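Colleague: need a 3D model of the following:
(one chain, ligands or ions: 1)
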Amino acid sequence: MRQRLFMIVLCVLTALGSVCGTAQAEPLVIYCGRSKSLVEPLIEQFEKRTGIEVAVRYGKTSALALALQAEGSKTKADVFWAQDVAALGAMAKSKLAAPLPNGLFTDIPAWAQPSSKRWIATSGRTRILAYAPSRVSKSDLPGSVFDLTKPKWKGKVGWAPTNGSFQAFVTAMREAHGDAKTKAWLAGMKANGAKVYPKNTPIVQALADGEIDLGIPNHYYLLRFKAKDPKFPVAQQFFKSGDIGNLVMVSGVCVTTTSENKVAAHRFIEFLLSEPAQKYFTLGVNEYPATQGVAANPKLSSDAELNKAAPKVELDSLQDLEGTLKLLREVGLI
Ligand SMILES: [Fe+2]
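Modeller: Predicted coordinates for the structure are as follows:
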């Protein structure tokens, strides 16, 4: 009798557990395109806080995106956390990413919301105008990235045409302004003697060294220099409100359509958007938080300033890197 009672209690507990989602047989499988050193402490926190076990496959975002497309409905992944927007747009387009609950999008700014609602941004990095304040006064700065082709800036601008972030920006310019205008801008920059650098860090260094007066890197590179030397002689600011030169490049996360672990997957996204995780991104690596008002980083622009500066682009449409590379080749930049 006592044994039967025990069995009944056990059955009820098991049933309750699976209904409530607490009896989790399989770990939450995350394909992660962000770096392990950045992500690991967060995953540990999530496991500790929720009791949900996580298994992570790390890799380059582009390689994981290809794997997900190849695996299709057979994938073991529940969650895909991608470094950039192109991979997420592809997941939405192929419907390998499931629609997310509306509630997740509360308090998320426009720059972090794709219209598909099949993924959500977790943080953002921006493009920005960096300059040498000893040679260019703030009031003389160009209002738009399109102004950089003016004779005034001949031979004075630095850029990095082979860099991934620059190419993501060109893809966004094509989406916002069309291929013809983008190609004309690229050709105009080249004709105006824009100096080519291999990536963002040397652009910022060249500003300090007096090689150039303006540059278009991502926002966080200057902050690295300033962390070592607060007097580092370079400044930066956004172009005018909504200019494509202020593109916010987001990292984000989606849940696979075939996931049988969606409750846990949504809890993981809620966790990434929660204050401790958002603070970790913004204070730790100087990215912009995707959730409004949770974490102010004094080295960054405020939520309000960023929301004003950010151009309106359809995030789901920023996938055509091939088309961008083709334009860059036609202009002779790569
Ligand atoms: Fe970077």
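Colleague: tell me the centre residue of this protein?
Modeller: In the chain, the C-alpha nearest the mean C-alpha coordinate belongs to V250, at 2.1 Å (Cα atoms, centre = their mean).
Colleague: report the separation between it and G72.
Modeller: Separation of V250 from G72 (Cβ to Cβ, to the nearest Å): 25 Å. Using the backbone N, CA and C atoms, a C-beta is placed for each residue, glycine as well.
Colleague: and what of I212?
Modeller: Distance from I212 to G72, counting by Cβ to Cβ: 47 Å.
Colleague: give me the more crowded residue out of the two.
Modeller: Ranked by neighbour count (other Cβ atoms under 10 Å), I212 and G72 place I212 first, with 23 against 12.
Colleague: what separates that one from G158, distance-wise?
Modeller: 4 Å.
Colleague: over to K181?
Modeller: For K181, the distance to G158 (Cβ to Cβ) stands at 22 Å.
Colleague: looking at the two, which has the bigger crowd around it?
Modeller: Neighbour comparison, K181 and G158: the larger count goes to G158, with 23 against 13 (by other Cβ under 10 Å).
Colleague: what about stretch 112-126, how long is it end to end?
Modeller: With Cα to Cα, to the nearest Å as the measure, stretch 112-126 spans 12 Å from end to end.
Colleague: just the buried residues of that stretch, please?
Modeller: 112-114, 116-126 (16 or more other Cβ atoms under 10 Å).
Colleague: residue contacts, V157?
Modeller: Going by Cβ atoms under 8 Å, 6 or more residues apart in numbering, V157 touches L148, M189, N192, A194, K195, I212, D213, L214, G215, I216.
Colleague: now list the buried members of those residues.
Modeller: L148, M189, N192, A194, K195, I212, D213, L214, G215, I216.
Colleague: was I right about the fifth one contacting L214?
Modeller: If I follow you right, that is K195. No: at 10.2 Å, K195 does not count as touching L214 under the criterion of Cβ atoms under 8 Å.
Colleague: common neighbours of the two, please.
Modeller: Joint contacts of K195 and L214 (Cβ under 8 Å, 6+ apart) are V157, G158.
Colleague: let me know the pLDDT of A295.
Modeller: Per-residue pLDDT puts A295 at 69.
Colleague: check A110 too.
Modeller: At A110, pLDDT is 91.
Colleague: please apply the same query to T14.
Modeller: Model confidence at T14, expressed as pLDDT, equals 45.
Colleague: now do the strands in the stretch 101-250 of the chain.
Modeller: Secondary structure of the stretch 101-250 of the chain, counting by DSSP state E, counting those that start in this stretch: strands at 120-126, 129-131, 157-159, 195-196, 214-215, 235-237, 248-255.
Colleague: make JSON lines out of the ones you listed and add distance to A172 and mean pLDDT.
Modeller: Formatted as JSON lines, the strands of the stretch 101-250 of the chain follow (distance: least, Cβ to Cβ, whole Å; pLDDT from 0 to 100):
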{"stretch": "strand 120-126", "distance to A172": "11", "mean pLDDT": "96"}
{"stretch": "strand 129-131", "distance to A172": "16", "mean pLDDT": "98"}
{"stretch": "strand 157-159", "distance to A172": "15", "mean pLDDT": "98"}
{"stretch": "strand 195-196", "distance to A172": "20", "mean pLDDT": "98"}
{"stretch": "strand 214-215", "distance to A172": "18", "mean pLDDT": "98"}
{"stretch": "strand 235-237", "distance to A172": "19", "mean pLDDT": "98"}
{"stretch": "strand 248-255", "distance to A172": "8", "mean pLDDT": "97"}
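Colleague: now render those as TSV, adding distance to C32.
Modeller: Listed next are the strands of the stretch 101-250 of the chain as TSV, based on distance: least, Cβ to Cβ, whole Å:
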stretch	distance to C32
strand 120-126	11
strand 129-131	30
strand 157-159	30
strand 195-196	33
strand 214-215	31
strand 235-237	30
strand 248-255	9
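Colleague: quick one: closest of those to K76.
Modeller: With Cβ to Cβ, the closest approach to K76 among the strands of the stretch 101-250 of the chain belongs to strand 248-255: 13.3 Å.
Colleague: so what are the sheet partners of the closest one and their directions?
Modeller: Here strand 248-255 is paired, per DSSP bridges, with strand 79-82 (antiparallel), strand 120-126 (antiparallel).
Colleague: as CSV, the ones you listed with distance to L28 would be great.
Modeller: Formatted as CSV, these follow (distance: least, Cβ to Cβ, whole Å):
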stretch, distance to L28
strand 79-82, 7
strand 120-126, 16
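Colleague: looking at those strands, which is closest to V255?
Modeller: Short answer: strand 79-82, nearest of those by Cβ to Cβ, at 5.8 Å.
Colleague: how distant is the closest one from the center of its chain?
Modeller: 12 Å (Cα atoms, centre = their mean, to the nearest Å).
Colleague: number the chain from 26, please
Modeller: New numbering, starting at 26: the last item is strand 104-107.
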